[in-house]
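A.B. asks: Structure of the sequence below:
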Amino acid sequence: MNQNIFEYEMKVRDYECDAQGHVNNANYQHYFEVTRHEFMEKVGLNFFDLHNKGIDAVVSRVAIRYKIPLIGMDVFKCTISQIERVSLKYIFHQEIIRLSDNALCAKGQIEVVNLINGKLTKPDVFDDAFKEYL
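C.D. replies: Next up is the predicted model:
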């Protein structure tokens, strides 16, 4: 079994569900994002502090594979299992796992690039922060 780099626990809120009672697909992207932001805090990077310095981590591509739907009040963990550095981007491999039965609900690969003052730039600040996870 693979060891996750980071895990963050959350609970489905009723307003995140669609008419079928499932979590709306767009909310999975929010869960993945919350987890990445919490991970950044863990490694000493504050998203808003970086922005105020002109440094922005920007999502450039998202691929989500939906497996089993979450429903209202489900408790789940969102994980980061791997981070890859490919050229100027980072690829975060993430999963959402329902805790009641350990079911894999969604898998995502999220590509993130670094902008400094609006220009695509080598992600030195992230290279330093993520070095033990690459």
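A.B. asks: Only C-alpha atoms from now on, for both contacts and neighbour counts.
C.D. replies: Fine.
A.B. asks: which residue sits closest to Glu7, ignoring its sequence neighbours?
C.D. replies: Nearest residue to Glu7, sequence neighbours excluded (C-alpha to C-alpha, 6 or more residues apart in numbering): Thr79, at 4.3 Å.
A.B. asks: any idea which helix is longest in this structure?
C.D. replies: In the chain, with assignment by DSSP state H, the single longest helix is helix 25-42.
A.B. asks: Against which helices or strands is it packed?
C.D. replies: If you count contacts as 3 or more C-alpha pairs under 8 Å, 6 or more residues apart in numbering; DSSP states H and E, helix 25-42 packs onto strand 6-11, helix 47-52, strand 75-86.
A.B. asks: Kindly present the ones you listed as JSON lines, with separate columns for distance to Val58, mean neighbour count and mean pLDDT.
C.D. replies: As requested, those are exported to JSON lines (distance: least, C-alpha to C-alpha, whole Å; neighbours: other C-alpha atoms under 10 Å; pLDDT from 0 to 100):
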{"stretch": "strand 6-11", "distance to Val58": "20", "mean neighbour count": "17", "mean pLDDT": "98"}
{"stretch": "helix 47-52", "distance to Val58": "11", "mean neighbour count": "12", "mean pLDDT": "95"}
{"stretch": "strand 75-86", "distance to Val58": "14", "mean neighbour count": "19", "mean pLDDT": "98"}
